[in-house]
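>>> Below: sequence and its predicted model.
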Amino acid sequence: MIAGAIDAFRERHQRSASLIGNASSLAAGNLANAVLGFLYWALAARSFPPEAVGYAAAAISLMGFASLLGEFGLGTLLLGEIQRDLKRAPSLISAVLSASIVLSALCGLAAVVMCHLMSIELGAILSTWAGLCLFVVACAASGFALVLDGVLIGFLMSERQLIRNVALSIIKLALLAAVAFAGQSNHAEFSIFSTWAAATLFSIVLVAALSIRFSEPVWAAPTFESLKPQLARALQHHALNIATLAPAVILPFIVTAALSAEINAAFFAGWMLLGVVLMIPAALTTVLFTVGAKDPKIIAHHITITLAISVLTGIAAGAGFYCFGDFVLRLFNPVYPAIMGPSLQYLGISVVFVMVKYHYI
């Protein structure tokens with residue numbers, strides 16, 4: 001009986017090892033990104049005027065929205081398609097990555113035009129040619145990175161995605177520290193945004209270098225013909241991504257446009273804290289989708305694990321935000337609790353409900 005119980009436990013562990021291992025790497029990367037992101041925005045809040053921080057956060061929000069539009073559901077499509085057909089994956093991946101660069105750049109350009117038509121200001125980011133060009137390039141790189149993350153998770157290589165996210169966070173924090181130390185005051189929002197764009201490009205190059213180092217194919221001849229049959233499914237993924245992700249991504253930009261850059265600086269800090277907590281159920285359910293695409297029969301077994309972890313996370317977040325929300329916001333800037341504190345106290349409660357939505361999706 002004991003031997004049978006041990007064998008049963010070992011079998012359950014082996015069946016869950018891929019899910020837990022990849023979800024852990026994905027969550028660890030997101031957590032490291034969040035911790036370093038906390039330091040990044042705390043340094044920005046302490047080193048630059050609130051208006052500059054608010055403009056930069058709004059530009060990053062708009063960039064994220066443009067890259068999400070440009071990603072066109074292709075990264076999400078690859079989460080499941082790679083495991084279904086590993087042989088034709090390289091040429092399909094190259095086609096998807098190429099398409100993501102072009103589409104994200106076009107969406108970034110469209111966002112610039114929209115801001116000018118609606119007279120929305122983001123400081124030097126949209127009022128200078130250097131800022132405009134940097135914004136479009138950053139959108140293209142961000143869209144490429146979104147699809148690249150989907151590729152890495154689709155291959156169940158979340159540890160590589162972990163490396164990319166950690167590198168992204170470390171480089172942008174180091175660049176921001178250098179800018180703050182140099183005492184850059186003119187066009188501070190442009191300086192903050194440029195650190196984000198440069199770090200994104202560096203993280204992509206790092207993943208390519210690692211692939212070369214381990215003799216993995218970096219690029220195959222893209223076959224856009226293989227992409228055509230997938231466009232209908234990609235559009236379905238895209239519609240779902242826009243419906244579920246776009247509101248959270250674009251909200252800081254809307255706060256700046258509707259209220260002010262100063263208010264957005266405080267709002268963005270609280271919104272980021274909520275995003276940190278949501279990374280755990282997001283990572284679990286993302287890998288659950290990839291693992292389930294390979295073997296749908298095991299989803300019922302795995303979902304009990306992901307639900308249990310997500311519920312515990314939601315309970316802890318609700319208590320933590322209510323008790324310590326003001327204290328954490330004060331670490332960014334002493335005026336932030338008065339602006340965002342009351343709202344942050346109740347945002348943690350939403351985690352339990354959002355994780356149900358993540359599992360349904």
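Arrived safely. Numbers count the residues shown, from 1 in each chain.
>>> From the contact counts, what lies against the helix or strand hosting Leu69?
Under the criterion of DSSP states H and E, Leu69 resides in helix 50-71. Identification of packing neighbours for helix 50-71 by 3 or more Cβ pairs under 8 Å, 6 or more residues apart in numbering; DSSP states H and E yields helix 2-47, helix 89-117, helix 124-127, helix 129-154, helix 188-213, helix 231-258, helix 261-294. Placement of C-beta: from N, CA and C, glycine included.
>>> mind putting the ones you listed in JSON lines, mean neighbour count, mean pLDDT and distance to Val328 included?
As requested, the helices and strands packed on helix 50-71 are arranged in JSON lines below (neighbours: other Cβ atoms under 10 Å; pLDDT from 0 to 100; distance: least, Cβ to Cβ, whole Å):
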{"stretch": "helix 2-47", "mean neighbour count": "17", "mean pLDDT": "65", "distance to Val328": "8"}
{"stretch": "helix 89-117", "mean neighbour count": "19", "mean pLDDT": "85", "distance to Val328": "31"}
{"stretch": "helix 124-127", "mean neighbour count": "20", "mean pLDDT": "84", "distance to Val328": "28"}
{"stretch": "helix 129-154", "mean neighbour count": "23", "mean pLDDT": "86", "distance to Val328": "27"}
{"stretch": "helix 188-213", "mean neighbour count": "19", "mean pLDDT": "87", "distance to Val328": "21"}
{"stretch": "helix 231-258", "mean neighbour count": "17", "mean pLDDT": "84", "distance to Val328": "18"}
{"stretch": "helix 261-294", "mean neighbour count": "22", "mean pLDDT": "81", "distance to Val328": "6"}
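>>> Same list (those) but as CSV, adding distance to Leu312.
Below are the helices and strands packed on helix 50-71 laid out as CSV (distance: least, Cβ to Cβ, whole Å):
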stretch, distance to Leu312
helix 2-47, 13
helix 89-117, 35
helix 124-127, 40
helix 129-154, 23
helix 188-213, 31
helix 231-258, 22
helix 261-294, 9
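>>> Select, out of those, the one closest to Asn333.
Among these, the nearest to Asn333 by Cβ to Cβ is helix 2-47 (4.3 Å).
>>> right, and the helices and strands packed on helix 50-71 - which one's nearest Val352?
Using Cβ to Cβ, the helices and strands packed on helix 50-71 put helix 261-294 closest to Val352, at 9.4 Å.
>>> Quick check: which helices or strands does the closest one pack against?
So helix 261-294, by 3+ Cβ pairs under 8 Å, 6+ apart, packs with helix 2-47, helix 50-71, helix 74-84, helix 129-154, helix 231-258, helix 299-332, helix 336-347, helix 350-360.
>>> want to throw those helices into a markdown table with distance to Leu162?
Putting those into a markdown table (distance: least, Cβ to Cβ, whole Å) gives the following:
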| stretch | distance to Leu162 |
| --- | --- |
| helix 2-47 | 4 |
| helix 50-71 | 20 |
| helix 74-84 | 16 |
| helix 129-154 | 9 |
| helix 231-258 | 21 |
| helix 299-332 | 18 |
| helix 336-347 | 26 |
| helix 350-360 | 20 |
